[in-house]
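using only what follows, build the 3D model:
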Amino acid sequence: MEKQIKRAKEIVSRPSGQKKVKFVQEKGGKVSLNEELIEKNKQLLGIKGYFTNLKEEEVSNSMVIERYHELYRVEQAFRISKNDLEMRPIFHFKEEPIKLHILICFISLALSKHIELQTGISIKKFVYEAKRVTDARLFNKITQKEYRMRKSLSQAMKDYLRKLNLSH
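A predicted model of the protein is given here:
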């Protein structure tokens, strides 16, 4: 705020080539400091407001503030989905594909959070370990038989599957 006031004073002292600045007002071609706005801003320093469309009867003020402070978890989830799950925005033009894309993203985020909570590791580490698991199915057209080749699991992956109550 101090920088903004300083900048406004500089503009008032030499008004030529004036830009629109927060604390400068122009009345009748005369440029001056907006002292009322400066005073109002000084009084509001340190005050934070929260906006919601919920009624006070439905949710208390403390609940709104508490939920707002939890917003970082949503931001963290978006970072996870963008980086670790390699999700990217997809441009759809109809409502149904948009909803389906959001659903898929939400389900993958929920699954990744479940994996993190159950295994105690990040989803990035889990995905890295899971990509090392390889299975191959070969089909012999002459004998009409299918052969399966499976790489043995690492001890870490076995531990993760056990914690998730899954088998391989």
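
Q155 and K124: what is the separation?
19 Å (Cβ to Cβ, to the nearest Å). Just so you know, the C-beta spots here come from the backbone N, C-alpha and C atoms, and that holds for glycine as well.

comparing these two, which residue is more hemmed in?
K124 (14 against 8; other Cβ atoms under 10 Å).

name the SS class of the more buried one, please.
helix (DSSP: H, G, I helix; E, B strand; the rest coil).

so which residues of this protein form helices?
2-13, 35-44, 61-69, 71-83, 95-119, 123-131, 155-163 (DSSP state H).

lowest-confidence stretch among these?
Among the helices of the chain, helix 71-83 carries the lowest mean pLDDT, a mean of 72.

ok, M157 - contacts?
Residues near M157 by Cβ atoms under 8 Å, 6 or more residues apart in numbering: 129-130, 132-133, 168.

quick one: which of those is most hemmed in?
Ranking these using other Cβ under 10 Å puts E129 first, with 17 neighbours.

does it touch K158 like I think?
No - the criterion here is Cβ atoms under 8 Å, and E129 misses it with K158 at 10.2 Å.

any idea how far the closest residue to Q4 other than its chain neighbours lies from H114?
In space, and not counting its chain neighbours, Q4 is closest to K22: 5.3 Å by Cβ to Cβ, 6 or more residues apart in numbering. As judged by Cβ to Cβ, K22 and H114 stand 48 Å apart.

would you confirm that V64 contacts K48?
No - applying Cβ under 8 Å as the test, V64 and K48 come out as separate, 11.6 Å apart.

and the protein, what are its domains?
2-47, 84-163 (automatic domain parsing).

dump those domains into CSV; add distance to E57 as well.
Below are these laid out as CSV (distance: least, Cβ to Cβ, whole Å):
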stretch, distance to E57
domain 2-47, 24
domain 84-163, 30
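
between those domains, which one is closest to Y68.
Among the domains of the chain, the nearest to Y68 by Cβ to Cβ is domain 2-47 (14.5 Å).

distance between the ends of the closest one?
Taking Cα to Cα, to the nearest Å, domain 2-47 runs 17 Å from one end to the other.
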